[in-house]
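[1] What would the 3D arrangement of this be:
(one chain, ligands or ions: 1)
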Amino acid sequence: AITDVGLFLDQTESIRLSDHSRFVQRLAQIHREAPVMTSSQQWRLRYLDGWESAFEGDYPTAEARLKDVASHSGDINLAAKARALLLSVQVLNQKYDDAYRGAAAMIAELPLITHADARQTVLNNLSQVLDFAGQPDLALKYARMMRDTLPAGDSPCGSMALEIAALENLGRLNSSSPELALATRVCLTAGNLVVADTARLIRVDRYLAEHRPRDALELVDRIAADIRSTGYYPHLLAMRLQRAQANLALGHDAVAEQAARRVIAMSTADDKSMHLADAYHVLYEIEKKRGHGMAALDDYEHYVKLNTSYLNDVSARALAYQRVQQNLLAQKMQNEALERQNQVLRLQQSLTEQAARTTRLYAVLLLGLLTLLVLWLLRVKRLQLRFREMARRDGLTGILNHQHFMQEAGTLVAEQAKRSGNVALALIDLDHFKQINDVHGHVTGDLALRHIVSVVQAWLRPGDLFGRLGGEEFGLLLSGCAHDECVALAEHIREAVAATPLRLDDEPIVVTASIGMAFAEQVGFDLSRLFHHADATLYAAKRAGRNRVMTELTDEDLLGRSVRDPRPA
Ligand SMILES: Nc1nc2c(ncn2[C@@H]2O[C@H](COP(=O)(O)OP(=O)(O)OP(=O)(O)O)[C@@H](O)[C@H]2O)c(=O)[nH]1
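    Purely as a prediction, here's the structure:
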C-alpha cells in the first residue's frame, strides 16, 4: 500500500521515460488505492495522468487534463510544466496556432519560472515545439539554455536529445557526429532509453542517407529490443520503416516489403508522419522492380498523396508559426500605439494641470500684490491722517492749535447762527505764569501747562472746542448751553484749576486762571466780535485781581481803559 503519497508521486514521475510500463502500473495503483491526498498532490497526479494521455497519443484527454492543471492548480511551477507539455500535445494534435501562441507566451514568462524542474520542462517543450514549427535555430537556442541551466545531479540527456533533433533539422549531422554518440551514451547511462533510441534512430537515418544500408540495418538490429521494450509508437514505426528501407537498398525485397507492410498496418489513417509515405515508396520501388505496373502505380499514388499531405502539414506548421508571429507583432504594435496614445494623453493632462497650477500661482501672486497694495494705501492714508492731525494739534498739550481752533470755531459759530443756538467764547489765561517759569524753571512751566489742560479737559462736554491760542492762553468755545449754564461751567473750570495744584517732588504748585467770556446772543454770531469782547472781559478779570470769571466790563473798564487788540484769526 502507498504510505508516503508525495514520495510515491516523486518516484513515479522520475521513471516515466526510463521505465514507462512501471510508471503506468504505479499510476494505476494510486488510482486503485485512492490514498488520502493533499490538494497539491491531487494536482500532481492529474498532471501525470495528462502526461500519460499524451504519451499514449490520446491528445484530447491530455489537453483537457493539462489545461485543468494549468488553470486551476494554483501552483505556478506545476502550471508551467502543464502548459509546456500542452504545447507539445497541441502540436501533435495539429493545433498549431494554439501551440505557437502558447509558446510565445511561455517565452515571455520564462524569467518568472524560477523552479529549476519547471524551467527545464518549459525549455524542453519550447525547443521541441519550435523545432516542429520549422525553427531549428530557436530550438537549438532553448535546448542549449536547458543544458546550461541544468540542475546539479540531473542528466543532460534531455537537452542533448533536443540539440541533436535541432541539428538534424539544420542538416548539420552525419552518422559519425560526436553529438549523436554522446547523446546515446549519456541517455543510456541516465536510463532514458526513449531518448537514447531517438539519437540512435537519427544515426540510422544518417547511414541510410549516406548509402550505408548495412550499417543502418546492423544498428537497427542492435537497438530493436530496446525500442520494443519502450513501446514508444513513433520509434516502432521509424524502426520498421528504416528496416524496410535498408533491406530495399540491400536487395532483400521480401523482408523490405514485410517491414513496409507492418508500418502501414501500424499506422492510423490520420498519421501525418513521413514514415507512412516512405513505407509506400518502399512498396512502390519493390513492385516496380517486380514489373507489377498496376500495383506500383497504386503504391505510388499512396506515396504521393501521403507525401503531399506530410509536406502540407510541414508548411501548415511553418505558416501557422509565421501567422502567430505576425499576429503577435501586430498586437505588440497596436499596444505600442495605444501606449503612445496614452502617453500623449498623459502629457496633455499634465500640461493642463501645470497650466492650471500656473494660473493659480498667478492668481495667488496677484492677490498678494493687491493685498500689499491695499495695505500700503491704507498705511499711506493713516500716515496722511496722522500728519493732518499732528498739523492740527498743539505740540506741547495735544489740544487744537491756534490756527485750527480758529477754523473749527468759525464753522461752529456759523452752524449755531443758522439754527439760532447759543455760543459762548471763554478765553482762559493763566495768572502770573512768568513767576512759575522763573521760580521752578521752564520745564516745570511746561508740565504745569499740560497739567492745567488735563484739568480743563475733565470738565468738557462732547462738542466743546478747546485750543491753545499761544503761551499760557487758551480758548474754549461752548455751544448748546444757556448763558448761565455756560458761565457756571467756566466757573467750575476756574475753581478746578485753582483747587488742583501741580504736584511734583516739592510742595504743590498752585496755578490759577482768569477767564473772560463773550456771548453771541449779546455781540452777534461773529467770531472776531466774540474774541474782541472776551479779550476785554479777560482784561477786566486780570485788572479785578485775577482768578475769576468775568462776563461784563466794569465801569472802570468802560471809562477810559482801552481793550487789548483781538487775537488774529
Ligand atoms: N514754560 C513755558 N512758559 C511759557 C510758554 N509760553 C509762554 N510762556 C511764558 O509765560 C509767561 C507769560 O508772561 P506774561 O505775559 O508776563 O504774563 P503772566 O506772567 O502770566 O502774568 P499775567 O498774565 O499778567 O497774570 C512768560 O514768562 C512766557 O515765557 C511755554 O510754552 N512754556
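[2] got the residue ranges for the strands in this protein?
    Secondary structure of the chain by DSSP state E: the strands cover 423-430, 465-470, 473-479, 513-519, 549-550.
[3] closest to residue 132 out of the ones you listed?
    Among the strands of the chain, the nearest to residue 132 by Cβ to Cβ is strand 465-470 (118.8 Å). Every residue, glycine included, has its C-beta placed from N, CA and C.
[4] Going by neighbour count, which residues in that closest one are buried?
    If you call a residue buried by 16 or more other Cβ atoms under 10 Å, then strand 465-470 has these buried ones: 465-469.
[5] Hey, what's the angle from that strand to strand 423-430? Just curious.
    Counting by axes from the mean of the first three to the mean of the last three Cα atoms, to 10 degrees, strand 465-470 lies at 40 degrees to strand 423-430.
[6] Return the list of helices and strands in contact with strand 465-470.
    helix 402-418, helix 442-457, strand 473-479 (3 or more Cβ pairs under 8 Å, 6 or more residues apart in numbering; DSSP states H and E).
[7] Mind putting these into CSV with distance to residue 45 and mean pLDDT?
    Below are those laid out as CSV (distance: least, Cβ to Cβ, whole Å; pLDDT from 0 to 100):
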stretch, distance to residue 45, mean pLDDT
helix 402-418, 114, 94
helix 442-457, 112, 95
strand 473-479, 119, 96
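[8] Which secondary structure elements does the longest helix along the chain sit against?
    For the chain, the helix that runs over the most residues, judged by DSSP state H, is helix 293-392. Judged by 3+ Cβ pairs under 8 Å, 6+ apart, the packing partners of helix 293-392 are helix 96-109, helix 274-290.
[9] picking that back up, any chance of the strands of the chain in a markdown table, plus distance to residue 57?
    Compiled in a markdown table, the strands of the chain are given as follows (distance: least, Cβ to Cβ, whole Å):
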| stretch | distance to residue 57 |
| --- | --- |
| strand 423-430 | 133 |
| strand 465-470 | 126 |
| strand 473-479 | 129 |
| strand 513-519 | 137 |
| strand 549-550 | 141 |
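[10] out of these, which comes closest to the ligand?
    Closest to the ligand of the strands of the chain is strand 423-430 (Cβ to the nearest ligand atom; 5.5 Å).
[11] Give me the sheet partners of that closest one and which way each runs.
    Looking at strand 423-430 with DSSP bridges, its partner strands are strand 473-479 (antiparallel), strand 513-519 (antiparallel).
[12] got the angle for the first one vs helix 402-418?
    Relative orientation of strand 473-479 versus helix 402-418 (the same axes, to 10 degrees): 20 degrees.
[13] hmm, who's touching strand 473-479?
    399, 405, 408-409, 412-413, 416, 421-430, 453, 456, 460-461, 463-469, 486, 489-490, 493 (Cβ atoms under 8 Å, 6 or more residues apart in numbering).
[14] What about the ligand: which of these touch it?
    Among the contacts of strand 473-479, the residues lying close to the ligand (Cβ under 6 Å from any ligand atom) are 429-430.
[15] which of the contacts of strand 473-479 are buried?
    The buried subset of those (16+ other Cβ under 10 Å) comprises 399, 405, 409, 412-413, 416, 421-430, 453, 456, 464-469, 486, 489-490, 493.
[16] so what's whatever residue of the chain ends up closest to the ligand up against?
    Proximity of the chain to the ligand (Cβ to the nearest ligand atom) peaks at residue 445, 2.4 Å away. Taking Cβ under 8 Å, 6+ apart, we find residue 445 in contact with 433, 436-437.
[17] likewise residue 514?
    Counting by Cβ under 8 Å, 6+ apart, residue 514 touches 428-429, 431, 538, 541-542, 546-548, 550.
[18] Tell me which entries of those residues lie within helices.
    538, 541-542.
[19] could those residues go into a markdown table alongside distance to residue 62, neighbour count and pLDDT?
    What follows is these, written out as a markdown table (distance: Cβ to Cβ, whole Å; neighbours: other Cβ atoms under 10 Å; pLDDT from 0 to 100):
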| residue | distance to residue 62 | neighbour count | pLDDT |
| --- | --- | --- | --- |
| 538 | 134 | 25 | 96 |
| 541 | 137 | 26 | 95 |
| 542 | 138 | 17 | 95 |
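[20] tell me the angle the longest helix of the chain makes with helix 96-109.
    Inter-element angle recorded for helix 293-392 and helix 96-109: 40 degrees (by the same axes, to 10 degrees).
[21] chain center to helix 293-392, what's the gap?
    14 Å (Cα atoms, centre = their mean, to the nearest Å).
[22] What score does residue 193 have for pLDDT?
    Note on residue 193: pLDDT of 89.
[23] now swap in residue 274 and tell me
    On the pLDDT scale, residue 274 gets 85.
[24] Now for it: which residues touch it?
    Contact analysis of residue 274 by Cβ under 8 Å, 6+ apart lists 307, 310.
[25] how about 7 Å then?
    By Cβ atoms under 7 Å, 6 or more residues apart in numbering, the contact list for residue 274 reads residue 310.
[26] Relative to residue 205, how far out is it?
    To residue 205, residue 274 is 11 Å away according to Cβ to Cβ, to the nearest Å.
[27] now swap in residue 130 and tell me
    Applying Cβ to Cβ to residue 130 and residue 205 gives a distance of 21 Å.
[28] Please say which of the two ends up with more neighbours.
    Counted by other Cβ atoms under 10 Å, residue 130 and residue 205 do not tie: residue 130 has more neighbours, with 27 against 18.
[29] can I assume that one is in contact with residue 138?
    Yes. Counting by Cβ atoms under 7 Å, residue 138 is a contact partner of residue 130 at 4.4 Å.
[30] still on that earlier bit, ok, which of the strands of the chain comes nearest residue 337?
    Here strand 465-470 is closest among the strands of the chain (Cβ to Cβ), at 89.6 Å.
[31] Show the average pLDDT along the closest one.
    96.
[32] Give me the contact list for it.
    Counting by Cβ under 7 Å, 6+ apart, 394, 397, 399-402, 404-405, 408-409, 412, 456-457, 460, 474-477, 567 sit against strand 465-470.
[33] where does the chain dip in pLDDT?
    For the chain, residues meeting the criterion pLDDT under 70 lie at 269-272, 559-569.
[34] For it, which residues are neighbours of the ligand?
    396, 429-434, 437, 442, 445-446, 449, 471-472, 542, 546.
[35] could you redo the last one with a cut-off of 5 Å?
    When proximity is defined by Cβ under 5 Å from any ligand atom, the chain lies next to the ligand at 431-434, 437, 442, 445-446, 471-472.
[36] Is it possible to mark the buried ones in these?
    431, 433, 437, 445, 472.
[37] was I right about the second one contacting residue 449?
    No. Counting by Cβ under 7 Å, residue 449 is not a contact partner of residue 433; they are 8.3 Å apart.
[38] Which residues are in contact with each of those two?
    Common contact partners of residue 433 and residue 449 (Cβ under 7 Å, 6+ apart): residue 472.
[39] where along the stretch 51-200 of the chain do the helices fall?
    59-72, 76-92, 96-109, 116-132, 136-148, 157-169, 178-189, 193-209 (DSSP state H, counting those that start in this stretch).
[40] Include distance to residue 12 when you put those into a markdown table, please.
    Formatted as a markdown table, these follow (distance: least, Cβ to Cβ, whole Å):
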| stretch | distance to residue 12 |
| --- | --- |
| helix 59-72 | 16 |
| helix 76-92 | 15 |
| helix 96-109 | 25 |
| helix 116-132 | 15 |
| helix 136-148 | 23 |
| helix 157-169 | 18 |
| helix 178-189 | 20 |
| helix 193-209 | 17 |
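[41] just checking, residue 166 touches residue 143?
    Yes. Under the criterion of Cβ under 7 Å, residue 166 makes contact with residue 143 at 5.9 Å.
[42] Which one's more surrounded, the two?
    Between residue 166 and residue 143, counted using other Cβ under 10 Å, residue 143 has the larger neighbour count: 28 against 25.
[43] I figured the more buried one hits residue 161, correct?
    No. At 8.3 Å, residue 143 does not count as touching residue 161 under the criterion of Cβ under 7 Å.
[44] show me what contacts the most centrally placed residue in the chain?
    For the chain, the residue nearest the mean C-alpha position is residue 346 (11.9 Å; Cα atoms, centre = their mean). If you count contacts by Cβ under 7 Å, 6+ apart, residue 346 has none.
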